[in-house]
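In: any chance you could fold what I've pasted below:
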Amino acid sequence: MTSTARREVPVSVDLAARVTALLGKTYPAVSYGAVDGFRVMTLDQQEPRRMFVRWYDDRERALTGAPVAEEKSKELASVLAAAGFAVTVPSDGWDVYVADRPADTAGPRYQVVESDLPFGDLWLVMDEWTRVPARTVRSKEAAETEAETLNLPDQSSTD
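Out: Residues are numbered from 1 along each chain as shown. Down below sits the predicted model:
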């Protein structure tokens, strides 16, 4: 009889599986040969990974020219938030970052951080739950105002 060491499933793999199962009830997942749908992904190489959902769709709206992905990202964010996940749609993109809500939600969710990038806006309003910038702004004062607004009980970074 041989025994094998028990393996733990990484947190990001478990999160990706739960998000995929939830969204898969309503939306198609991207697979080989399928053009439209969602995929749960990460760009991080180690745990804890920041996970995000991306909608793939090559079609454009005929009249407005607005990508379908923009509309779908808001829709996906609403579904995930309603299911109890922490979600962030950064102001400069359409990826939906997702994480489990922390056990302790006391204290502000959004913090002002100075950007260390040599380009773009100088200040970030970071979502502490998903660990991504919810907004980027040019001045510290504007970032503080944005963080205060987002930290109000009925606000979210999904709009």
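
In: tell me where the chain has strands.
Out: Secondary structure of the chain (DSSP state E): strands at 37-42, 51-56, 85-88, 96-100, 110-114, 123-127, 132-137.

In: and these as JSON lines, adding mean pLDDT and mean neighbour count?
Out: (Glycine included, C-beta is placed from N, CA and C.) Shown next, in JSON lines, are the strands of the chain (pLDDT from 0 to 100; neighbours: other C-beta atoms under 10 Å):
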{"stretch": "strand 37-42", "mean pLDDT": "92", "mean neighbour count": "18"}
{"stretch": "strand 51-56", "mean pLDDT": "91", "mean neighbour count": "22"}
{"stretch": "strand 85-88", "mean pLDDT": "96", "mean neighbour count": "25"}
{"stretch": "strand 96-100", "mean pLDDT": "96", "mean neighbour count": "25"}
{"stretch": "strand 110-114", "mean pLDDT": "95", "mean neighbour count": "16"}
{"stretch": "strand 123-127", "mean pLDDT": "95", "mean neighbour count": "23"}
{"stretch": "strand 132-137", "mean pLDDT": "92", "mean neighbour count": "21"}
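
In: and those: which comes nearest residue 153?
Out: strand 110-114 (12.6 Å; C-beta to C-beta).

In: okay, the angle between the closest one and strand 132-137?
Out: Compare the direction of strand 110-114 with that of strand 132-137 by axes from the mean of the first three to the mean of the last three C-alpha atoms, to 10 degrees and you get 60 degrees.
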